[in-house]
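K.L.:
Any chance you can model this:
(2 chains)
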Amino acid sequence: GDSVTQKQGQVTLSEDDFLFINCTYSTTTYPTLFWYVQYPGQGPQLLLKVTTANNKGISRGFEATYDKGTTSFHLQKASVQESDSAVYFCALVDNYAQGLTFGLGTRVSVFP
Amino acid sequence: EAAVTQSPRNKVAVTGGKVTLSCNQTNNHNNMYWYRQDTGHGLRLIHYSYGAGSTEKGDIPDGYKASRPSQENFSLILELATPSQTSVYFCASGDGTPNSDYTFGSGTRLLVI
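P.N.:
Numbers count the residues shown, from 1 in each chain, chains lettered A, B, ... in the order given. So this is what the prediction gives:
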């Protein structure tokens, strides 16, 4: 079945640092890829989405490129702020009726 | 504003009791989903629905039932709650197309004692 792997469980940064979160996926087709962000006490919120291979999604300073060759969808941001502290989930949709398959999430903590 | 609303926000249940978690969406989406979130497991799909009257098993359906009486409402039912079902439950909706966004509710925190 489909799977999403996020190797980093936790990332700790200082403000203005570069953020990189690794995400790889496994599926038999060409899925739509997502990054969701979850703040404490809230549900996951869509950060960005890419439907086409080799395209890039950009939102709020975050970006991720759909790399079909390496089956990756890494998230990066050039300069993080304390308000970026949250849990970030990589996810995919393969069968569009059956919803999202999530990675385990990466907790990002940004300190001033 | 289109949204997904879950109730209750918090619930304490006794082992063996019946629990119903409710979800309402105003997105006019055909598809709705129930996930549970646990440390070390991420979000896992329990049940989903294509529309009113339909329910389908997700990846971890054992011990759960679902009900979709209308386009807007989707319930998750624990007939005999167990402590292993202590978790945070999220409802989501999507339109079932390749370009769909998936909108989540704020979650229900369930404690089974």
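K.L.:
For chain A, what's its nearest residue on chain B.
P.N.:
Proximity of chain B to chain A (CB to the nearest CB) peaks at residue B:104, 3.5 Å away. Any C-beta I mention is one placed from the backbone N, CA and C, and that applies to glycine too.
K.L.:
so what's that residue up against?
P.N.:
Neighbour list for residue B:104: A:36, A:43-45, B:4, B:90-92 [criterion: CB atoms under 8 Å, 6 or more residues apart in numbering or on different chains].
K.L.:
at 7 Å instead, please
P.N.:
Taking CB atoms under 7 Å, 6 or more residues apart in numbering or on different chains as the contact definition, residue B:104 lies against A:43-44, B:4, B:90, B:92.
K.L.:
Please tell me how far residue A:79 sits from chain B.
P.N.:
Applying CB to the nearest CB, to the nearest Å, the value for residue A:79 to chain B is 27 Å.
K.L.:
farthest pair in the contacts of residue B:104?
P.N.:
With CB to CB as the measure, no two of the contacts of residue B:104 lie farther apart than A:44 and B:4, at 11.0 Å.
K.L.:
So for these two, which sits in the more crowded spot?
P.N.:
Neighbours were counted for residue A:44 and for residue B:4 using other CB atoms under 10 Å in any protein chain shown; residue A:44 has more, 29 against 23.
K.L.:
Who's the closest spatial neighbour of that one, skipping the chain neighbours?
P.N.:
Of all residues not flanking residue A:44 in the chain, residue A:36 sits nearest, at 3.9 Å (CB to CB, 6 or more residues apart in numbering or on different chains).
K.L.:
quick one, phi psi at residue B:84?
P.N.:
Here is the backbone geometry of residue B:84 (degrees, to the nearest 10): phi -70, psi -10.
K.L.:
That one: neighbouring residues, count only.
P.N.:
10.
K.L.:
nearest residue to residue B:5 other than its sequence neighbours?
P.N.:
Counting by CB to CB, 6+ apart, residue B:24 is the residue found nearest to residue B:5 once chain neighbours are left out, at 4.9 Å.
K.L.:
For residue B:44, name its beta-bridge partners.
P.N.:
Beta-bridge pairing of residue B:44, defined through DSSP bridges, involves residue B:36.
K.L.:
Then the one 5 residues further on?
P.N.:
Partner residues in beta bridges with residue B:49, using DSSP bridges, are residue B:32.
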